[in-house]
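# have a look at this fold, sequence not included:
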């Protein structure tokens, strides 16, 4: 495990801020889902509805989406899948909360 030295204090602060930001984001996403459910409950399933708030207008629109099960397709037709599958390089940055150290 990489432990920041005194010279890396700024990096450690950035990592901690990223972790806290992601925790706040998760809380906001949960709040958003709750509010969206409350709004949909109050619009009574109307298909095309535009209620207005004091600052925002909301459009509630329901539609059917077509989906594609790429895992099943890949399993059933691996060569064809590889022929058409796109590939890209990605960088993943994850944060994991670590237990605070207790100093005596």
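That came through, no problem. What you see is a predicted model, and the numbers here were worked out from it, not measured in a lab.
# need the longest helix for the protein.
Secondary structure of the chain per DSSP state H: the longest helix is helix 9-42.
# buried set for it?
Across helix 9-42, burial judged by 16 or more other Cβ atoms under 10 Å covers no residue at all. To be clear about C-beta, it is placed using only N, CA and C from the backbone, and glycine gets the same treatment.
# per-residue confidence averaged over it?
Helix 9-42 shows a mean pLDDT of 92.
# what's it packed up against?
Judged by 3 or more Cβ pairs under 8 Å, 6 or more residues apart in numbering; DSSP states H and E, helix 9-42 is in contact with no other helix or strand.
# from the middle of its chain, how far away would it be?
The chain centre lies 9 Å from the centre of helix 9-42; the measure is Cα atoms, centre = their mean, to the nearest Å.
# could you do stretch 70-90 as well?
24 Å.
# what's the first-to-last distance across that stretch?
Start-to-end span of stretch 70-90 (Cα to Cα, to the nearest Å) is 20 Å.
# residues in contact with it?
Outside stretch 70-90, not one residue touches it by Cβ atoms under 8 Å, 6 or more residues apart in numbering.
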